[in-house]
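# Model the following, please.
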Amino acid sequence: MQFYLIAMSSGAFPDDTFLGLGEAISPIEALLNARQSQMHNILNLADRKLGLVKFLTDGKGEPPIHRLQTVYITEPIVPLPLGWRLLKAGDFQIDRQMGQISHCQPGDGFEQKSKIWAFTSANCVQLLFYHQLRGDDLGSALRAAQHRIR
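Numbering: from 1, shown residues only. Okay, the predicted model is just below:
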């Protein structure tokens, strides 16, 4: 049995944009910032533990494809909470960034190489999992997707 993990993340380190209440709220900010910054360590650990996808062919010369795929959600409307309860605005911004396979512009390893805001990392994560679920040769699928966008 093989495990794959999709992580949804804002991808950003905490920033100190709120300056109100000064030192009174500093301990709470420190607690929340420490929790958010641990996310990068946890994702790196999960990536190392899960490893790479094994190709159906010999895989020689193929780019590495990770079993951990991260979908980065930007926060243009409201900052997303640490918990699961979302406002309609948060739900809307996640829904708009879930991606479409047709918008995938893959680089090596099925990561989204386009920096256009509408082309999220979710596009290529969907395309990668589509080919994995079909049992396709990932090297051939990647080359075909890269050739399609040229």
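
# Can you show me the strands along this structure?
With strands called from DSSP state E, the chain shows them at 5-9, 68-72.

# Any idea which of the ones you listed gets closest to residue 88?
The closest approach between residue 88 and any of these, judged by C-beta to C-beta, belongs to strand 5-9 at 17.9 Å. C-beta coordinates here come from the backbone N, C-alpha and C atoms, glycine included.

# Adjacent strands (with direction) for that closest one?
For strand 5-9, sheet partners with direction are given as strand 68-72 (parallel), following DSSP bridges.

# what residues does the partner strand touch?
By C-beta atoms under 8 Å, 6 or more residues apart in numbering, the residues outside strand 68-72 that reach it are 4-11, 43, 46-47, 50, 97-99, 110, 120-122, 125, 128-129.

# which intervals of the protein have sub-threshold pLDDT?
Using pLDDT under 70 as the threshold, the predicted model of the chain has low-confidence ranges 1, 10-22, 32, 35-36, 55-61, 75-87, 90-91, 117-119, 149-150.
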